[in-house]
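Q: Build the 3D model from these lines:
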Amino acid sequence: MAFPKDPYMLLSVLNMKLRDNYPSFEALCDDTGEDPAPLTETMKSIGYAYSAEENQFVPDK
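A: Have a look, this model is predicted:
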């Protein structure tokens with residue numbers, strides 16, 4: 001799957017997929033074949049980080 005390049009669209013898609021289809025960010029990346037590092041860096045660039053407890057990207061504290 002090709003994820004959007006726009007960071008805010010990516011945030012929306014990742015959180016939707018995590019909410020609807022995956023128990024974790026790791027599971028999403030394993031299933032889609034995506035390297036988690038660039039996705040995490042893109043989210044970090046807009047002030048978001050993955051929360052395993054909430055299973056979504058949330059504003060970084």
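
Q: Tell me which stretches of this structure form strands.
A: 48-51, 56-59 (DSSP state E).

Q: Name the strands paired with the last one and say parallel or antiparallel.
A: This points to strand 56-59. Partners of strand 56-59 in the sheet, by DSSP bridges, are strand 48-51 (antiparallel).

Q: In the strand it pairs with, which residues are buried?
A: Neighbour-count burial for strand 48-51 flags 48, 50 (criterion: 16 or more other CB atoms under 10 Å). Any C-beta I mention is one placed from the backbone N, CA and C, and that applies to glycine too.

Q: Kindly state the pLDDT recorded for the residue lying closest to Pro4 once chain neighbours are set aside?
A: In space, and not counting its chain neighbours, Pro4 is closest to Leu10: 5.0 Å by CB to CB, 6 or more residues apart in numbering. Model confidence at Leu10, given as pLDDT, is 98.

Q: do you know how far Leu10 is from Thr32?
A: 12 Å (CB to CB, to the nearest Å).

Q: Those two: which is more packed in?
A: Just comparing Leu10 and Thr32: by other CB atoms under 10 Å the higher neighbour count belongs to Leu10, 18 against 14.

Q: that older thread, among the strands of the chain, which is nearest Asn15?
A: In terms of CB to CB, the element of those nearest to Asn15 is strand 56-59, at 4.7 Å.

Q: Tell me how far that closest one lies from the chain's centre.
A: 8 Å (CA atoms, centre = their mean, to the nearest Å).
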